[in-house]
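>>> Prediction below, plus the sequence it came from.
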Amino acid sequence: MEHTIWERVEGTGHQVLQQLEKLIAAGNVRRVVVKQRGRTVAEFPLTVGVVGVVIAPLAAAIGALTAMLADCTIEVEKTV
């Protein structure tokens, strides 16, 4: 039986991207949410079939968002 959990990723822009790439490569990430001060700024749903194609553009988009936004939090929904 699958359970959904949320993991918060924090750090500098480069550290966040490295952590996200590892989580996405693991293949159990369903969604990535970028929040600023508790408000959702961007949401990236992922499906297992497109994960390999999505990693580079997703990382670039999240990197740009974290560079532009102050006080930003990344939340990752994954299954275990």
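It's in. Everything quoted here is computed from the prediction, not taken from an experiment. Residues are numbered from 1 along each chain as shown.
>>> Work out for me the element the residue nearest in space to the middle of the chain sits within.
Nearest residue to the geometric centre of the chain (CA atoms, centre = their mean): residue 32, 3.6 Å. Secondary structure assignment for residue 32, by DSSP states H and E: strand 29-36.
>>> Now the element after that strand, going C-ward?
Going down the chain from strand 29-36, the next helix or strand is strand 39-45, by DSSP H and E.
>>> Touching that following strand from outside, list them.
Strand 39-45 has contacts (CB atoms under 8 Å, 6 or more residues apart in numbering) with 30-35, 54, 58, 61-62, 65, 69, 72. C-beta: built from backbone N, CA, C; applies to glycine.
>>> Distance from the chain centre to it, please.
9 Å (CA atoms, centre = their mean, to the nearest Å).
>>> What residues sit buried inside the strand holding residue 32?
For strand 29-36, a neighbour-count test (16 or more other CB atoms under 10 Å) marks 29, 32, 33, 34, 35, 36 as buried.
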